[in-house]
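>>> following is a predicted model, sequence given first.
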Amino acid sequence: MTPRPMARSAHPPSSPRSQGRAVRGAARRLVSVAYRGDAQAARRVRLLRALEHDQTADELLDMDGRPASADRVFDHLRWGGRVLTASRHAGVALDMAHRYRDHGGFVVEAGPNTRRIGPGGIPWLGPPWHYVLARKIHLIKPGEYTDRFTFDVRLTRNADVAPGYLVCKTVPTYKRVIERLREKFPKDGHDTLLRRAEKLVKRVFPVFLTREAAFLQLLQRDLPPQYRNRVPRALAVEKAPDGTVKKLYMTWLRLGGQPLGHLEFAEQSAELLHILHSTVGIMHLDLRLDNMVISNGQVCFVDFGSAVRLGEDLDKSPLLRSLFHEMMQTSQIQRTLGKMRETGHLTSDVLIAAHGRVDPGVDLFYLALQLGRPYWNPDLVPFIDYREGSEAARRLKRLADAILRPTDRTRTAFMSAKDMLGGVRKIRQIVGE
């Protein structure tokens, strides 16, 4: 019997190169569908597989054969960023939608949906693609903890408060606090952990959140108009029966926009601190890079829970006196200040006098550290045009050294944020940026 020739496929197999082109074309069209109405966001989409291990992005596309885990996506997304996960298999998109929801750090905004994408954008000629679009809403991965006791901070929608996404800051639950305490003090018994958790949940966290809500209102009242959008704005609060704030809604200052020059970053930071100290009359006291945001070309400060008014008498409240005394002994900024004093890397009498105290020198000290090395927060790195060895970088490093280690420790030229701002502006005049 003569063997019959095999029938030719109506769709002959394509080469790997043509398959790659097809996938890239499908990716472009799929992004335009999923991001309909947001062309600017669609242009920022980056392939997840193209990112290095420590890189983050605002918009990610994951359309490999095997989707990445929700944890990996979380690590590569900035807060508020989105991921578009796509597959030729409907079950994969459905499974990823469940995984994003179960993870706890995301909200699914669209999908799972299906779209046929053919050549030239003709939908009925192409194969179906199944996709889901999810947004990262938690700052910290669920189940993980930072070195500090933190509030529950997430993005949320609440149409009764304001349209769009808001930042919701909440007193953490007993369960979360006890888990954190057990991790930090593994030898302590359950009763001891319970007493500590009760103090934190009923007294410490509500006090700081209540103060933050009040300071945000104060800032909107006393800041000059051109600076008011550079700090969060309190939108609404929910209070406990004792009158303390248990939940605070505020505007989201989203990290993004074009990168700032190194000198621009330094000048804006020093200027905003000067305005806080001299015009509003408050100290931030936790001015780490983690609490600085670059949003739409402006340096912004967030997290005013540790703020204190200049001249405020904390001794009037035994609880406040105790809380701020402990904070001034144990905070990261105070530990750094003390260590640099001991090693001789800090010699300014003005800044040394701020060690262990509620003092504006605390803000001046830590901002001076950021001037020469504005790369400690990896999320800010893409938004500061820092060029090691450039004239601007060298001069700002020398300015930071002059603030921290003046030639005459008793007669420093830099005693305030205003002095620091003047130093930065002189550099700008010299460099010409």
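Cool, got the structure. Residues are numbered from 1 along each chain as shown.
>>> going forward, measure contacts and count neighbours with C-alpha atoms only.
Will do.
>>> distance check, the spatially closest residue to Gly104 that is not a sequence neighbour against Arg154.
Nearest residue to Gly104, sequence neighbours excluded (CA to CA, 6 or more residues apart in numbering): Pro142, at 6.3 Å. Plainly put, Pro142 is 11 Å away from Arg154 if you go by CA to CA, to the nearest Å.
>>> who has more neighbours out of the two?
Between Pro142 and Arg154, Arg154 has the larger neighbour count (other CA atoms under 10 Å), namely 21 against 12.
>>> any low-confidence regions in the protein?
Within the chain, the segments meeting pLDDT under 70 span 1-26, 37, 64, 118-125, 143-149, 433.
>>> how is it divided into domains?
Split into domains by automatic domain parsing, the chain comes to 21-136, 145-252, 255-433.
>>> show me where this structure has helices.
Counting by DSSP state H, the segments of the chain that form helices are 16-34, 39-43, 70-76, 90-103, 174-184, 190-199, 205-222, 262-275, 318-330, 332-343, 349-352, 360-372, 391-404, 417-431.
>>> what helices and strands are in contact with the fourth one?
Okay, so that is helix 90-103. The elements that helix 90-103 packs onto, with contact taken as 3 or more CA pairs under 8 Å, 6 or more residues apart in numbering; DSSP states H and E, are helix 70-76, strand 77-87, strand 106-116, strand 128-136.
>>> one more time with 6 Å
Taking 3 or more CA pairs under 6 Å, 6 or more residues apart in numbering; DSSP states H and E as contact, the helices and strands that helix 90-103 lies on are strand 106-116, strand 128-136.
>>> with distance to Arg411 added, can I get those strands in a markdown table?
Below are the helices and strands packed on helix 90-103 laid out as a markdown table (distance: least, CA to CA, whole Å):
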| stretch | distance to Arg411 |
| --- | --- |
| strand 106-116 | 53 |
| strand 128-136 | 49 |
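>>> now those strands as JSON lines including distance to Arg387 and mean neighbour count?
What follows is the helices and strands packed on helix 90-103, written out as JSON lines (distance: least, CA to CA, whole Å; neighbours: other CA atoms under 10 Å):
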{"stretch": "strand 106-116", "distance to Arg387": "35", "mean neighbour count": "18"}
{"stretch": "strand 128-136", "distance to Arg387": "31", "mean neighbour count": "23"}
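>>> ok, back up a step: with distance to Phe301 and mean neighbour count added, can I get the helices of the chain in TSV?
Converted to TSV, the helices of the chain look like this (distance: least, CA to CA, whole Å; neighbours: other CA under 10 Å):
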stretch	distance to Phe301	mean neighbour count
helix 16-34	33	15
helix 39-43	24	13
helix 70-76	23	18
helix 90-103	30	18
helix 174-184	26	16
helix 190-199	28	15
helix 205-222	11	19
helix 262-275	8	22
helix 318-330	20	15
helix 332-343	16	16
helix 349-352	21	21
helix 360-372	12	23
helix 391-404	20	21
helix 417-431	15	18
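>>> which among the ones you listed is found nearest to Gly281?
Gly281 lies closest to helix 262-275 among the helices of the chain, at 8.2 Å (CA to CA).
>>> got the angle for that closest one vs helix 205-222?
Per axes from the mean of the first three to the mean of the last three CA atoms, to 10 degrees, the angle that helix 262-275 makes with helix 205-222 is 100 degrees.
>>> centre of the chain to helix 262-275, how far?
Offset of helix 262-275 from its chain centre (CA atoms, centre = their mean, to the nearest Å): 19 Å.
>>> what do you get for stretch 163-170?
Computed by CA atoms, centre = their mean, the chain-centroid distance of stretch 163-170 equals 14 Å.
>>> list the contacts of it.
With CA atoms under 6 Å, 6 or more residues apart in numbering as the contact definition, stretch 163-170 has outside contacts at 151-157, 246-252.
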